[in-house]
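Asker: Just to be clear, the model below is a prediction. Sequence and coordinates:
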Amino acid sequence: MLKDGITDFIQTLSDLVFPPACHFCDSPDVESGFEICADCAESITRIKPPICAQCGLPLAHNITHELLFCGACLTDPPAYGTARFGVAYEGHLRQALKNFKYNSELRLSPALGQLLSEAFFRYYDPEEFDVVVPIPIHRKKLLERGFNQAVILARKLSESTGIPLHRNCFKKIRDTPAQARLSKKERQHNLKGCFQVSRLNAIKDKRILLVDDVATTGSTIREAARTLHKAEAAQVSVLVLALTLPGKGEPEGSNSSSLSRR
């Protein structure tokens with residue numbers, strides 16, 4: 001009780017000195033302890049069924065069967081068992097992710113991590129996994145940006161689920177151009193061999209949850225899962241915070257110079 005009272009006192013004092021504001025739009029109309037305001041929360045589109053049982057992409061809304069597979073997964077199944085997506089990459093969420101990723105607004109990580117955790121518990125159970133592995137970025141981008149956004153999100157997810165995080169067992173060894181404007185064949189060639197497992201004992205026989213921030217074409221998670229399976233992972237599942245819906249995309253790796261800073 002004493003510990004709870006001290007925590008409440010610190011939170012109240014913090015709110016007086018730094019009044020809570022929405023992490024997405026900076027509106028003061030937000031309750032203490034919440035990361036985003038009601039308007040921003042309402043504007044976010046969750047990715048919900050009907051979805052493909054394997055790749056997690058939305059299916060036609062008149063489909064009610066829970067175990068249907070899309071045509072792509074039936075004809076060319078990915079290396080992962082299942083992939084699931086949290087929210088649509090649009091609106092306030094899209095701008096927040098761009099500011100987080102390209103403008104280094106790390107203050108957004110609690111709100112984004114909260115949405116990722118919500119998506120996890122919508123589709124998965126912590127008992128299903130041995131380790132969380134973030135999608136790596138090439139060291140050139142890491143030096144330019146100063147951080148890997150997928151690592152930050154994966155750490156938040158690890159804290160909320162209790163699944164151990166392994167951030168240094170998987171790396172990207174080749175810097176690749178943007179995927180979105182390439183054909184399917186070009187995308188596969190572009191990414192082929194770009195990932196490498198650097199610690200086999202951290203991957204072999206493990207049930208892995210692969211985590212990323214945004215999926216545009218889906219080729220990145222496919223190649224990453226293929227590489228992990230080649231390293232004898234027992235199982236690979238995927239969780240991505242945001243999905244670019246058809247007709248609303250932009251090239252992966254868009255130049256950050258065009259983004260506004262708040």
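Answerer: Good, I have the coordinates. Residues are numbered from 1 along each chain as shown.

Asker: Give me the below-cutoff pLDDT ranges for the stretch 101-250 of the chain.
Answerer: Of all residues in the stretch 101-250 of the chain, those with pLDDT under 70 make up the ranges 178-185, 187-188, 247-250.

Asker: Let's see that with 80 instead.
Answerer: In the predicted model, the stretch 101-250 of the chain carries pLDDT under 80 at residues 177-190, 246-250.

Asker: can you give me the strands in it?
Answerer: Along the stretch 101-250 of the chain, counting by DSSP state E, counting those that start in this stretch, strands occupy 131-134, 170-172, 195-197, 207-215, 235-243.

Asker: tell me how far stretch 142-153 is from the chain's mean position?
Answerer: Its chain's average C-alpha position is 13 Å from that of stretch 142-153, according to C-alpha atoms, centre = their mean, to the nearest Å.

Asker: Outside of it itself, list whatever touches it.
Answerer: Stretch 142-153 has contacts (C-beta atoms under 8 Å, 6 or more residues apart in numbering) with 100-102, 104, 106, 109, 112-113, 116, 134-137, 167, 211-213, 241. The C-beta positions use only the backbone N, C-alpha and C, and glycine is treated the same way.

Asker: Equivalent analysis for stretch 121-133, please.
Answerer: 46, 48, 56, 82, 84, 86, 154, 157-158, 161-167, 169-170, 202-203, 206-211, 228, 234, 237, 239.

Asker: Give me the neighbour count for Asp39.
Answerer: If you count neighbours by other C-beta atoms under 10 Å, Asp39 ends up with 14.

Asker: Kindly report the same for Asp212.
Answerer: Number of residues near Asp212 (other C-beta under 10 Å) recorded here: 23.

Asker: residues contacting it?
Answerer: Contact analysis of Asp212 by C-beta under 8 Å, 6+ apart lists 134-135, 150, 220-221, 238-241.

Asker: For the stretch 1-150 of the chain, which segments count as helices?
Answerer: 2-17, 38-43, 71-75, 91-102, 109-123, 139-145, 149-161 (DSSP state H, counting those that start in this stretch).

Asker: so which of those gets nearest His189?
Answerer: Among these, helix 71-75 comes nearest to His189, with 17.9 Å by C-beta to C-beta.

Asker: how about that closest one: buried residues?
Answerer: Residues of helix 71-75 classed as buried: Cys73 (neighbour count, 16 or more other C-beta atoms under 10 Å).
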